[in-house]
Structures are given as C-alpha cells and as structure tokens.
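S.K.: Build me a model from this:
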Amino acid sequence: MKRDVILKEFKPEARQLLTALSNIIDSLTRLKGTARSEHINRAFLTIHSLKAASLSAGLKRMAVISHRLEDLFAALRLGHIQVDQTSITVLKEIVSTLQKVIDAASHQRQEQLLERAEETLEKMDKLSRSRLPDASLVENLPLDSDIRNALTEYDDHRLAENMRAGCSIYEIQTSVDLESFDRKLRTIREPLAREGEIISILPVLKEGPGREILLQLIYASRLQKTELDVLLSGPVVSLAGASVQLLASGSGAGQGPSPGSFDNSRSEIDAELALSEPDISGGERASAKSRSRMVSLRPIFDRASLAAEQLAGQLGKRVRVRFEGRGLIIERAIAERLSRALTHILRNAVDHGIEVPSERLARGKAPRGCIYIKAERRGEKISIVVEDDGAGIDPDLIKERAVGLGLSDNAGALGDDDCFKLLFKVGFSTRSEANLISGRGIGLSVVEKALKEIGGEISVRSQRGSGTCFEMIVPARLEKSQADMLKSAR
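M.R.: Residues are numbered from 1 along each chain as shown. Reported below is the predicted structural model:
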C-alpha cells in the first residue's frame, strides 16, 4: 500500500519534470551562447531530479535511462554533441517515449516503451563527434598562468566557440571596494552580456590595509576595443579606470552581437540565471604571494547539494535542498575547508536524518525530505546553517554507543549537549557496523578539524522526530598567520 502511495506521487512529478524537459529542448535551437548553456544546465538538473524520483519509486530501469540522459546533456554542454535539428529530434523522441511510460496502462507496455527509449538513446550516442580542438585554440591566448589554471574545460569550450565565431577575446581588470563588490558585479554584468559573453569572473582580494578586490573578467565580444572602452567608461557600466587587454582579435569584430550574448527572447529570470558566479570548481588557485583568491559560495553549495541528492537516490530516499545567501564570497583557502565540511554534513543528513518515503509518510511527513542551507554575514564572520526535517538525533542511542565504546562510564550523567559533542569524536558513530557510506566515525570529526584549521566552529541542536540543525561559523577572511599555516600544510 505504501509503495502505491509513492508511485501515485511519482507520476504527476515525473509528468511535470518531463514537460519541463520537453520545453527546454524546444528552446535550444533558438537560443545561443550563454542562454543555451543555461538551458542545458536546467535540463541536466531536471533529469537528475527525474532520476532521483525514479530510484525512490523503485523504477531502476527508468533511473538508468535518466542517468544516460544526464551524460548526453553533459556532452551537449561541452560541445561533444552538436545542438542541431537532428539531436533535438532524437532528444524529443526520448522524452516523448518516457512520457508514454508514465501513462502506460500495464507493466508489459512500460517495459516495451523503456526498451524503445534505450534504442533511441543509442541513436543519440552515434551523434557524438570527436571534440573540436578547443585546447589548441585557447592555449595560444596570452593569459597569466593563474588565470589559465583557473579556467575550466567548459570555459575553454566557450572561448573556442566564440573564437570560431569571429569574436575578440579580452581581459578586463578593475579595482572594486569589497563592500560594494556584489552591487558592482550586478551593475556590469548585463550590459557586458548584451554585447558579448562573460567567460569567467575572477575576483582577487588585494592584501594591505584597504578592502579592495581586483576584479578580472575574461570576455568575448564582436565589439572592437575602442567600442568596449566606450561601453566600460559610459554611465551604465561606469568603469572608467578599467584596464582592457586584447588577447585575440576576431574576424567578426564590429559585426554585431557575439554567439554568447543575450537573446531577445530570454526572460529577466533567464538573464539573471545566466550571470555566472566565480567558480571554485575551476580550480581557483592563489595567484601570487601578495594576493588571495576569493570565490563565491554558490558552486560550493551546488556541489554539496548534488552529492546529497545523489546519495539520496542510492538510498531510495528523496530530498530537496533549498538555499539562501549563495552570493556571499570568501577566501579560497576557507572555501576548500568549508566545501568538504558542507558535503560531509549534507551526506550525514541524508544518511542518518532523512527517512525513506514510506517511513516519512507513516510519521505524517511529506515523502520528500527537505534540507535548508542559509548563509549570512555577521560582521567579519559568515554563518552557514544546515537544517533538515528528518528523524533527528536520539541522545539515548548516543549514550548507549558511548558506553559500548568506553567513552563514558555513566551514561546517565550525559546531557543532550554532551551527547552531541560526542558526534565529533574520531571513531564515534551511531552505526554498529560500517558500510560504504558511513559507520567508521570519521565524517563529523573531519568537519570539526577542517573548520578549526580556519578559525571556525560548529554547533548542533536536534529534536527527535523533527530534524537536526548544524551551524558553522567561519571567518570571511583569514589572518596572515592562518593563511601561512594552511599553505605550509598543503
């Protein structure tokens, strides 16, 4: 009966996801550059949600097909498969078949349709082409080695696509006050994106008594350098002191918008989504001894939440991760520790906290669990709260394990706070046996160690049956002594 309830909920959700995916696919042929890339990213996330929902509903074959679709959209994003009428037709055929699977009247009909979807996927695989030599085009650009190292494979692909389209490539540098950084970034993004494509945003915190950021942008456009200078110094962008270096002159300079510029059909929401934040996944490296790389929390949150959703799918659970405050920026050294800590906490929440759908339904909860992440600045500190609506922590179980591990002789003397502190001890786990996911008592001790290295701290509170809340407090910027210590530890 409980499985029937889960399947009943799965069908409308799957229909909604597949309809959204179909609409995204329809839009790909009329969009270009950044607009198209963002829609491909949306498609990828939509398919990932479909895969997780399929696993939760016990539809493993559907989940495997969804996983293969993820791979295909990843190939589209990197240009390994061309977005053309042929690929769009095949993708729409796959989605249409999956929609029929949802509405099939019998299991036999479902299996026939799933087999058809798999056959159509084979067609898509044959559309894969060998990659165009993106690296050979990009490697000749006169980029600083630190900027070169910070660019991702996707950045290389976008640079190459713009160069093939005849666009010029520029490096723009300007100094921005730390307090006004986010506001200034919002101001310059849209005007630049209308005339070209912002490939990468690389903020660098300057050392010294001031609070200035050196903002570096890699930019592709058909604008000539004189035209770009006018745009930057004009009243809208207002970067009169910006330095502009021409890295590669394009054959299409002065001949209209670049392939990565905004499409007029895009909504304001699309435009906002297309404005990428500094990306830690590209390997934000310290640029020199005198500079400290800054990164956004956005990629850290996205990566941790993806790990949580993937784990939920493996465990037959369903989870939604919500965010607030992803636009905050911190030093790269802090980000590295925080990223690992956040991933451990989210995986811990999914493994130990969030219940399987049937158990949640029995407790009067929605079948899909929720994890809420909120980041906010508090003076020179940043608070990151991770709260779930799962089963909560059972202090009695902790006391029992503490006695069994010889960590306490008098379990009755342990209060709830004492119990929660035990969670961070090396070797402590509420699991009696280790599995591939947990049980070795390492995860939360690693979290506490990583945070202490950057002058941070962590606390936890929990209510049995209602959920658990972890709060991490980290500095927005390291003191020089801490930075030196972390550097020597690498």
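
S.K.: Give me the residue at the spatial middle of this protein.
M.R.: When C-alpha atoms, centre = their mean is applied to the chain, the residue found nearest the centroid is Asp302 (2.5 Å).

S.K.: Sketch out the low-pLDDT regions of the stretch 151-300 of the chain for me.
M.R.: The stretch 151-300 of the chain contains residues with pLDDT under 70 at 207-211, 251-293.

S.K.: Tell me which stretches of it form strands.
M.R.: When assigned using DSSP state E, counting those that start in this stretch, the strands of the stretch 151-300 of the chain occupy the ranges 168-177, 196-206, 212-221, 243-248, 291-296.

S.K.: Turn these into CSV, including distance to Ile81 and mean neighbour count.
M.R.: (C-beta placed from N, C-alpha, C; glycine too.) Compiled in CSV, those are given as follows (distance: least, C-beta to C-beta, whole Å; neighbours: other C-beta atoms under 10 Å):
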stretch, distance to Ile81, mean neighbour count
strand 168-177, 25, 19
strand 196-206, 20, 22
strand 212-221, 22, 22
strand 243-248, 26, 15
strand 291-296, 29, 22
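
S.K.: And the helices in the stretch 351-490 of the chain, which stretches?
M.R.: For the stretch 351-490 of the chain, the helices defined by DSSP state H, counting those that start in this stretch occupy 357-362, 395-404, 416-422, 443-453, 480-489.

S.K.: starting at the chain centroid, how far to the second one?
M.R.: In this case it means helix 395-404. Centroid separation for helix 395-404 versus its chain: 36 Å, with C-alpha atoms, centre = their mean, to the nearest Å.

S.K.: Run a quick neighbour tally on the closest residue to the residue nearest to the centre of the chain other than its chain neighbours.
M.R.: Distances taken as C-beta to C-beta, 6 or more residues apart in numbering place Arg326 nearest to Asp302, at 8.0 Å, with adjacent residues excluded. Neighbour count of Arg326, defined by other C-beta atoms under 10 Å: 16.

S.K.: so Arg326 is in which element?
M.R.: Assigned by DSSP states H and E, Arg326 belongs to no helix or strand.

S.K.: Out of the helices of the stretch 351-490 of the chain, which gets nearest to Val95?
M.R.: helix 357-362 (25.0 Å; C-beta to C-beta).

S.K.: buried ones in the closest one?
M.R.: For helix 357-362, burial by neighbour count (16 or more other C-beta atoms under 10 Å) applies to Pro357, Ser358, Arg360, Leu361.

S.K.: So of these, which two are at opposite extremes in space?
M.R.: Ser358 and Arg360 (7.4 Å).

S.K.: which neighbours do these two share?
M.R.: Common neighbours of Ser358 and Arg360 (criterion: C-beta atoms under 8 Å, 6 or more residues apart in numbering): Pro367.

S.K.: Would you confirm that Glu13 contacts Ala53?
M.R.: Yes: Glu13 is within contact range of Ala53, at 5.6 Å (criterion: C-beta atoms under 8 Å).
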